[in-house]
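Peer 1: give me a model of this one.
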Amino acid sequence: MWSRTFAGLIIGLLLSVSLVLNLNLLLPIKEDTMLLIGLLLAFPLWAGTQVWSYCFTSAKRAWFKLSLVLIPSVLVNAVLLALR
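Peer 2: Modelled structure (predicted):
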C-alpha cells in the first residue's frame, strides 16, 4: 500500500506538472491566464493520479501503468520546448 501511495505522489506530481506544461505550451493565450489554468488544474490532476494508483492490485503494476502515461507526456514536453 505504501508503494502505491508513493507511486501516486511521485509520478502523480510529475504527471500533473507535465500535463499542465503541455497545455500551456499548446494554448495560444496570455501568460496570466495560462498561470491561472495551471494552478487550477495541477492539484486535481495530482489528486486524481493518486486515487488512480490505488485502483491497481499491485504496486509494481501501479508504477508501470503510471509511467506509461508519464513518458509520452514528457516526450511531448521535450518536443514542444525544442520547437519553441
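Peer 1: and the helices in this structure?
Peer 2: Assigned by DSSP state H, the chain shows helices spanning 2-26, 31-53, 59-83.
Peer 1: buried ones in stretch 15-34, by neighbour count?
Peer 2: Leu15, Ser16, Val17, Ser18, Leu19, Val20, Leu21, Asn22, Asn24, Leu25, Met34 (16 or more other CB atoms under 10 Å). For the C-beta atoms, the positions are set from N, CA and C on the backbone; glycine is no exception.
Peer 1: just to revisit the earlier point, tell me which of the helices of the chain sits most buried.
Peer 2: Of all the helices of the chain, helix 2-26 has the most neighbours on average by mean count of other CB atoms under 10 Å, namely a mean of 18.
Peer 1: what packs against that one?
Peer 2: helix 31-53, helix 59-83 (3 or more CB pairs under 8 Å, 6 or more residues apart in numbering; DSSP states H and E).
Peer 1: format the CA atom coordinates belonging to the first one as PDB.
Peer 2: Output of helix 31-53 as PDB, limited to C-alpha atoms (Å, rounded to 0.1, in the frame of the first residue of the first chain):
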ATOM      1  CA  GLU A  31       0.600  34.300 -19.600                       C
ATOM      2  CA  ASP A  32      -1.600  35.300 -16.700                       C
ATOM      3  CA  THR A  33      -4.500  33.100 -18.000                       C
ATOM      4  CA  MET A  34      -2.100  30.200 -18.500                       C
ATOM      5  CA  LEU A  35      -0.900  30.500 -14.900                       C
ATOM      6  CA  LEU A  36      -4.400  30.500 -13.600                       C
ATOM      7  CA  ILE A  37      -5.300  27.500 -15.700                       C
ATOM      8  CA  GLY A  38      -2.200  25.700 -14.500                       C
ATOM      9  CA  LEU A  39      -2.900  26.500 -10.800                       C
ATOM     10  CA  LEU A  40      -6.500  25.300 -11.100                       C
ATOM     11  CA  LEU A  41      -5.700  22.100 -13.000                       C
ATOM     12  CA  ALA A  42      -2.500  20.800 -11.300                       C
ATOM     13  CA  PHE A  43      -3.900  19.800  -8.000                       C
ATOM     14  CA  PRO A  44      -6.900  17.900  -9.200                       C
ATOM     15  CA  LEU A  45      -4.800  16.100 -11.700                       C
ATOM     16  CA  TRP A  46      -2.300  15.200  -9.000                       C
ATOM     17  CA  ALA A  47      -5.100  14.000  -6.700                       C
ATOM     18  CA  GLY A  48      -6.800  12.000  -9.500                       C
ATOM     19  CA  THR A  49      -3.500  10.300 -10.200                       C
ATOM     20  CA  GLN A  50      -3.100   9.400  -6.500                       C
ATOM     21  CA  VAL A  51      -6.600   7.900  -6.500                       C
ATOM     22  CA  TRP A  52      -5.900   6.100  -9.700                       C
ATOM     23  CA  SER A  53      -2.700   4.500  -8.200                       C
END
